[in-house]
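A.B. asks: Turn this into a structure:
(chains A and B)
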Amino acid sequence: MSDLPINPQPALGTVPPARWWRGRWRSGAWWAGLWLVACCVAGLYAPLVASGLPLMVEAAGGEREFPLVRALSPADWLAMIGVPLFLLGFSIKALRKSALTLFAILALATVGTGLLWPAPMRPPEPVFREREARGEAVVYRTLVPFSPDVQDLSAIRLPPGAPRSAPVATALRALLQPQTLSLAEVQALAERMALLAPTERQATVRTALDAAVRRAMGETTRLPTEGVRRAFRGPLGQAIGTPAAARALDAELNSRRTLTSEERAALGAAVQGSMALTPRERRAVTQAFAAFSARGEVSESECLESLAREASPRAVLGTDASGQDVLAQLIHGARLAMVVGLGSTAIALMLGIALGSMMGWFRGWADALGLRTIEIMASIPARLLLVVVAAVLPKSTLSIVVAFAVLGFPGFAILVRAEFLRLRESDFVACAISGGLSTVAVIVRHMLPSALAGVSVRAAFFVGEAVLAETALSFLGIGPSSPGSWGRLIDGAISGSGEFWGWLAVPAGLCTFLTVLAANALGERLRASMNVRESVR
Amino acid sequence: MSVFLLRRSALLLVSLVGATFLAFVLLMAMPGEMRPPADREPEPGDSEPPSAAVLRRQLYLADRYGLDAPLMTQYVRWLGGLAPIKFGERPVVTPDGRVFRAPRPLLKQAQPHSEPVVTAEAPAPRTLAEAIDRVESTRIRHLAALDAITRATTGEPGGAVERRAALEKDLKSAQSESVAATEAMAKFVREHDPARAGLPLIPGAVWIGLPDLGDSIVLREPVATVMMRRLLPTVGLNLVALALVFGIALPCGVLSALRRGTAFDRFTSLLFFGLHALPAAWVASLLLGYVASSTGLGWFPVHGLGEPGPAGGDGVSFWPSRGSDGVWHPGRAIDLLHHMVLPVLCLAYADLAFISRYGRAAVMEQIDADHVRTARAKGVGPWAVLFRHVIRSGAVPFVALFAGSIPALLGGTIVVEKAFGIEGLGGLVVEAVVQKDRELLLGITTLFALVNGAALLLADLCYARLDPRIRLA
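C.D. replies: Numbering: from 1, shown residues only, chains lettered A, B, ... in the order given. As a prediction, this is how the structure comes out:
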């Protein structure tokens, strides 16, 4: 009976120390927990504030200017500060009872809101709804705490992840002019397009674009078609792939309004610039398109002008290349990190425990089958698989969370299986089985609690790994398309022209670092308190 | 032992198929067409006629990849190209129009192709070039007819029935000519060919050939060539980083196990713990911004690994040497090292924690063991105890750890490669997926799976070799 797992329980009615916070500041795990809670709260209140109170509404792609940017009202600021303070106070009070339960509730709320939040939200003004329905306006909200400026208006015209049909349509309008393409060709194109099925129409549009660009650049034969394709694989290509863009193009083809020669020159420069450039530079070009569509004209120098500004009273931590506030993106990034870290860990835990306990309980062929599956999954390095999966899946937060979980669960399964194989032979399990308990009861009530120590340590470290992986994916440009992400901020810190904008990278990286450090510190603490030995093999 | 090896290679095979199939399915699930650039169909309005090269390439691609076939067929076909043992008879057209095919069959098999429709005025081609040219010209005619009928359909809404009928007849004949020319070429290929094939096992049915990874569709190069070119920077960087990690972390781990609880132990473990949590992208961009860039300290180059290869022409040698003007030139090696400093730092720092903790745990496990105490009691010196007894018996897991980190040599550098603009294998993966280059992605996956399996096998063999208690079965 020596291997009975005895958990020494503290005597009931233990009086908590009078000043419970004394000495806490020395404990790294306490600070780690506090940081994670803060991240959760930040992630939680961002959507709360955004959904409860209209912050800022902006229409993109409209014909005329919309003076619509609204500054934060005092009520907004109250909510932004009051909600977290309330939650924090609540959490400090509840911490004495059970920090873990509280954190679980908080984490659940964060993950839930994070996965559900970017749902379409209706702006209050009916004129927006009309314009949005007609596809003319893109309405979005952000937590951008800077007041509007004429200069900033063009900067925030393209929200991250918004459809880019309007600038594309404008670009096409310039490219498909009678001057660049012969009138007969445009006419033939339009006639053929009417005959085609929607999918074929898209392909035709693409070919037309090829031809138009080649002509616009005055190189009918020399230009390698790869170059053109590469150009359209960028933001333009993505936009063309959407039905909305195809519709816009149709409309543009019918209304042949001429543009001025400078406009066309600017567009030519932009298209030329978008070729053979890095994604970061292409983003600048997209932005130039946006500015172009907003004002109807743009000079060549403005095409590549960045809106990155250092910290100022209006933007507390500065703005990025497209003029978005860094602080706001940090807050949105906190939610994304928490959702990815905690959500994927939770799913991986569930999958791993289910599979591992089945393998360890049934042994035999179930075990062998599971092991082979895990071995095959392990035969591709996780990072390669991660990149492939992230690039292939739709860029939603949920798909990234599920991908991380699916890639991570074999580790949990192996741990649980090993524990189960060991526990299966132990006396107390034999007692439980011979006592007539059902299989489920034996597994859930007797074996799982003893098997979970190692798993929980691993889970804490997995949170850190997931946050790191999310940052890396966002840095590579294949992360989830959330309103803000720490990795994307780090990516944006080095501009296309080689400038380094430290105010983008430093806070974002610091947040990632602290989050991963916090998760790892909690893991260490768990390891110490649960007496899990780190094995070398 | 041989049973073990056999089982492991079977497992390797299964995981290879599983991994590539997974990659294939994932890639095919991605929206968007998989189509090589510059191989678009010639538009009816095009002024320039499609060149012979384009046609040859289209022919080759249709033959090589069967992009119209069902997905499973495509995958099996790819697998068949990879397998060294090949079945059946299948002539293959290369991109430059050359044709090679399987050895001649012993038994006459049923022809897979339908009977060619050879019109009377078209005699059989005498050379392959003639056959290809004929395919080309008939194809252009076919397209022209197609264009005419399209224009007629769109331009004239009603009437002109006779003209349309004439056009349709024209189109039909052009089509049949085009088909006939293609068939004639296929027939030519079947009958005359420069036989370039593998070693026949059973002539005509089974033979051995080199594994063929195919050509990258976007890059238009053999996948193996592309991978070899991109492999070198990645593996080089990672080898240096790995040496650095083991060189720093193992001594630190051993020392902190010997000086348990001292300031050194606490400091190194805290330091490595903190380093482990740093995101690589952040470190890379901070190093670039503050140390490498010209607005910062400007100490290191910001991009790439310098000019590739030792340039012989302009007098720059690989090793440091005295030039003709009597001045010492640093040479390519120093330049390369200069370029490698920051990427290697970024690659190395994160794994320090992991390795040093393992080193510490392994030494701690041994240091209280009976045999170490006995050795010490015998009067063996402290260094001898450490090296001959503690480290030696604690080293077994490390050999396996080292073998296990071989796969990471290939795959772990994507972020660093992107940040420092290094053309390596990691970036290639992203490119292959984003551009939907199927052959390239499958080739890379194959490489990874093979290296991974080999590393696992190596780790197990090392265990068995170093620890006689472990038996492989």
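
A.B. asks: buried set for the longest helix seen in chain B?
C.D. replies: With secondary structure taken from DSSP state H, chain B has its longest helix at helix B:223-258. Within helix B:223-258, the residues that count as buried by 16 or more other CB atoms under 10 Å in any protein chain shown are B:223-224, B:226-227, B:230-231, B:233-238, B:240-242, B:244-246, B:248-250, B:252-258. Every residue, glycine included, has its C-beta placed from N, CA and C.

A.B. asks: what's the answer for stretch B:17-28, then?
C.D. replies: For stretch B:17-28, a neighbour-count test (16+ other CB under 10 Å) marks B:17, B:18, B:19, B:20, B:21, B:22, B:23, B:24, B:26, B:27 as buried.

A.B. asks: Show me the contact partners of that stretch.
C.D. replies: Contact partners of stretch B:17-28, identified using CB atoms under 8 Å, 6 or more residues apart in numbering or on different chains, comprise A:376, A:379-380, A:385, A:388-389, A:392, B:34, B:71, B:75, B:78-79, B:433, B:436, B:438, B:441-442, B:445-446, B:448-449.

A.B. asks: Of those, which belong to strands?
C.D. replies: Among those, DSSP state E puts none in strands.

A.B. asks: buried subset of these?
C.D. replies: The neighbour-count test (16+ other CB under 10 Å) marks A:376, A:379-380, A:385, A:388-389, A:392, B:34, B:75, B:78, B:433, B:436, B:438, B:441-442, B:445-446, B:448-449 as buried among those.

A.B. asks: So which of these sit within helices?
C.D. replies: Mapping these onto helices (DSSP H) picks out A:376, A:385, A:388-389, A:392, B:75, B:78, B:433, B:438, B:441-442, B:445-446, B:448-449.

A.B. asks: ok, of the residues you listed, which one's closest to residue A:420?
C.D. replies: Ranked by distance to residue A:420 (CB to CB), these are led by residue A:376 at 21.5 Å.

A.B. asks: Restricted to helices, list the buried residues of stretch B:17-28.
C.D. replies: Among the buried residues of stretch B:17-28, the ones falling in helices (DSSP H) are B:17, B:18, B:19, B:20, B:21, B:22, B:23, B:24, B:26, B:27.

A.B. asks: Quick check: residue A:519 touching residue A:467?
C.D. replies: Yes: counting by CB atoms under 8 Å, residue A:519 does reach residue A:467; the two are 6.9 Å apart.

A.B. asks: Identify the contacts common to these two.
C.D. replies: The contact lists of residue A:519 and residue A:467 share residue A:341, where a contact means CB under 8 Å, 6+ apart.

A.B. asks: For whichever strand or helix holds residue B:182, name the packing helices and strands.
C.D. replies: Following DSSP states H and E, one finds residue B:182 within helix B:161-191. Applying 3 or more CB pairs under 8 Å, 6 or more residues apart in numbering or on different chains; DSSP states H and E, one finds that helix B:161-191 contacts helix B:128-155.

A.B. asks: Give me the mean pLDDT for the helix it packs on.
C.D. replies: Helix B:128-155 shows a mean pLDDT of 70.

A.B. asks: Equivalent analysis for stretch B:344-354, please.
C.D. replies: 86.

A.B. asks: Kindly report the same for stretch B:177-195.
C.D. replies: Rounded mean pLDDT across stretch B:177-195 is 64.

A.B. asks: Same check on stretch B:442-458?
C.D. replies: Here stretch B:442-458 scores 85 as its mean pLDDT.

A.B. asks: CA atoms only for that stretch, dumped as PDB, please.
C.D. replies: Output of stretch B:442-458 as PDB, limited to C-alpha atoms (Å, rounded to 0.1, in the frame of the first residue of the first chain):
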ATOM      1  CA  LEU B 442       5.700  17.500 -50.900                       C
ATOM      2  CA  GLY B 443       9.400  17.300 -51.600                       C
ATOM      3  CA  ILE B 444      10.200  19.300 -48.500                       C
ATOM      4  CA  THR B 445       7.800  17.300 -46.400                       C
ATOM      5  CA  THR B 446       9.500  14.100 -47.600                       C
ATOM      6  CA  LEU B 447      12.900  15.500 -46.700                       C
ATOM      7  CA  PHE B 448      11.700  16.500 -43.200                       C
ATOM      8  CA  ALA B 449      10.000  13.100 -42.600                       C
ATOM      9  CA  LEU B 450      13.000  11.200 -43.800                       C
ATOM     10  CA  VAL B 451      15.500  13.200 -41.700                       C
ATOM     11  CA  ASN B 452      13.200  13.000 -38.700                       C
ATOM     12  CA  GLY B 453      12.800   9.200 -39.000                       C
ATOM     13  CA  ALA B 454      16.500   8.800 -39.500                       C
ATOM     14  CA  ALA B 455      17.300  10.900 -36.400                       C
ATOM     15  CA  LEU B 456      14.900   8.900 -34.200                       C
ATOM     16  CA  LEU B 457      16.500   5.700 -35.500                       C
ATOM     17  CA  LEU B 458      19.900   7.100 -34.800                       C
END
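
A.B. asks: Next, the buried residues of that stretch.
C.D. replies: Buried-residue list, stretch B:442-458, by 16+ other CB under 10 Å: B:442-453, B:455-458.

A.B. asks: Are stretch B:418-429 and chain A in contact anywhere?
C.D. replies: Yes: Stretch B:418-429 is in contact with chain A by CB under 8 Å from any CB of the partner chain, via B:418, B:419, B:426, B:429.

A.B. asks: For residue A:479, which residues are in contact?
C.D. replies: The contact partners of residue A:479, by CB under 8 Å, 6+ apart, come to A:390, A:395, A:400, A:470, A:473, A:485, A:487, A:488.

A.B. asks: So what's the residue count around the first one?
C.D. replies: Residue A:390 has 25 neighbouring residues, counting by other CB atoms under 10 Å in any protein chain shown.

A.B. asks: Might you report the residue contacts of residue A:443?
C.D. replies: Counting by CB under 8 Å, 6+ apart, residue A:443 makes contact with A:357, A:361.

A.B. asks: Repeat that for residue B:16.
C.D. replies: Residue B:16 is in contact with A:379, B:446, B:449, B:450, B:453, counting by CB under 8 Å, 6+ apart.
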